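>>> would you be able to build a 3D model of this:
(2 chains)
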Amino acid sequence: MVKKSSSIIVGIVSRAIVPFIQLFALYVIVHGHSSPGGGFQGGALLGASILLLRLTVGREGSELVFPERMGTPMSGFGVFIYAFVGVAAMIGGGVYLNYAFLPIGGMQPAELRSLGILLVETGVGIGVMATMIVIFDDIAKGNFHD
Amino acid sequence: MLLVYAATELPMRGSIDAPCNVDSSLTGTPGASTYYIRNAQKEMNTPNMVTAILADYRGYDTLGETTVIFCAGIVVFLILRKLKDGKKI
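This next block holds a predicted model:
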């Protein structure tokens, strides 16, 4: 079990900067089209912000932000988004993961591929974030098999 | 030893004669990097060529990377987590 930090300065400062870290992570994910960044980096930032809360505020407080039991389902959900975008392209008539055939009307193929990249990066970000939290939670809990 | 010997014959990085940088290969198909540089912006409306290659041209590779990370999480889950009533999973 992680003990929460006893210093009041550490607790207040980390609580203050966590929203900015998460905002920057979302920026890194959605702005990956035109600047360095993407799903992996943004997901790592999102996971790091939750882990900062886990370390400073304690498990009870950070459960409100990201419940521990949600870790593994969210991790699978991220991979599912990625795979489902590929299947949706197959439904639209293309090959697997060819975003130009996504079944959304009224968009040029170039725009559809841009949208597909965004959807896929979102899935990657969710998966990376949840996996970081799952690994931290399971290791920090410290109960092994007997 | 054999690999070191073979590595001395590799083309220099950035050489314009290297097979990955040529405009079209021996069989007439377009070379990969020149194709990406010419068509990434036009085909998918994405100024960042790295993102375009990572998520679209090499989509299968990125799907595999995501699956590897997911598998790492699942393995830690299966090995370390214990249910509340003491049952093994």
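
>>> the top helix by length along chain B close to chain A?
When chain B is parsed with DSSP state H, its longest helix is helix B:59-80. Yes. Helix B:59-80 lies within reach of chain A by CB under 8 Å from any CB of the partner chain, at B:59-60, B:62-63, B:65-67, B:69-70, B:72-74, B:76-77, B:79-80. (Glycine included, C-beta is placed from N, CA and C.)

>>> try stretch B:38-54
Yes. Interface with chain A: stretch B:38-54 contributes B:42, B:43, B:44, B:45, B:46, B:47, B:48, B:50, B:51, B:52, B:54 (CB under 8 Å from any CB).

>>> are any of those buried, and which?
Buried subset of the residues of stretch B:38-54 next to chain A (neighbour count, 16 or more other CB atoms under 10 Å in any protein chain shown): B:43, B:44, B:45, B:46, B:48, B:51, B:52, B:54.

>>> hmm, the second one is touching residue A:113, no?
Looking back up the chat, that one is residue B:44. Yes. Taking CB atoms under 8 Å as the definition, residue B:44 is a contact partner of residue A:113 at 3.7 Å.

>>> where do the contact lists of these two overlap?
A:99, B:56 (CB atoms under 8 Å, 6 or more residues apart in numbering or on different chains).

>>> where does the prediction get shaky in chain B?
B:82-89 (pLDDT under 70).

>>> residue nearest the centroid of it?
residue B:61 (5.2 Å; CA atoms, centre = their mean).

>>> what sits against it?
residue B:54 are the contacts of residue B:61 under CB under 8 Å, 6+ apart.

>>> and what of residue A:28?
Contacts of residue A:28 by CB under 8 Å, 6+ apart are A:37, A:38, A:41, A:42, A:45.

>>> switch to 6 Å and redo it
A:37, A:41, A:42 (CB atoms under 6 Å, 6 or more residues apart in numbering or on different chains).

>>> nearest to chain B among the residues you listed?
Checking the contacts of residue A:28 against chain B with CB to the nearest CB, the nearest one is residue A:37 at 8.0 Å.

>>> stretch A:119-130 - what's its average pLDDT?
The pLDDT scores in stretch A:119-130 average 94.

>>> give me the contact list for that stretch.
A:29, A:32, A:38-40, A:42-44, A:46-47, A:71, A:74-75, A:78-79, A:81-82, A:85, B:55, B:66, B:69-70.

>>> please redo it, this time with the cut-off set to 7 Å
A:29, A:32, A:38-40, A:42-44, A:46-47, A:71, A:74-75, A:77-79, A:81-82, A:85, B:55, B:62, B:66, B:69-70 (CB atoms under 7 Å, 6 or more residues apart in numbering or on different chains).

>>> lovely, talk soon.
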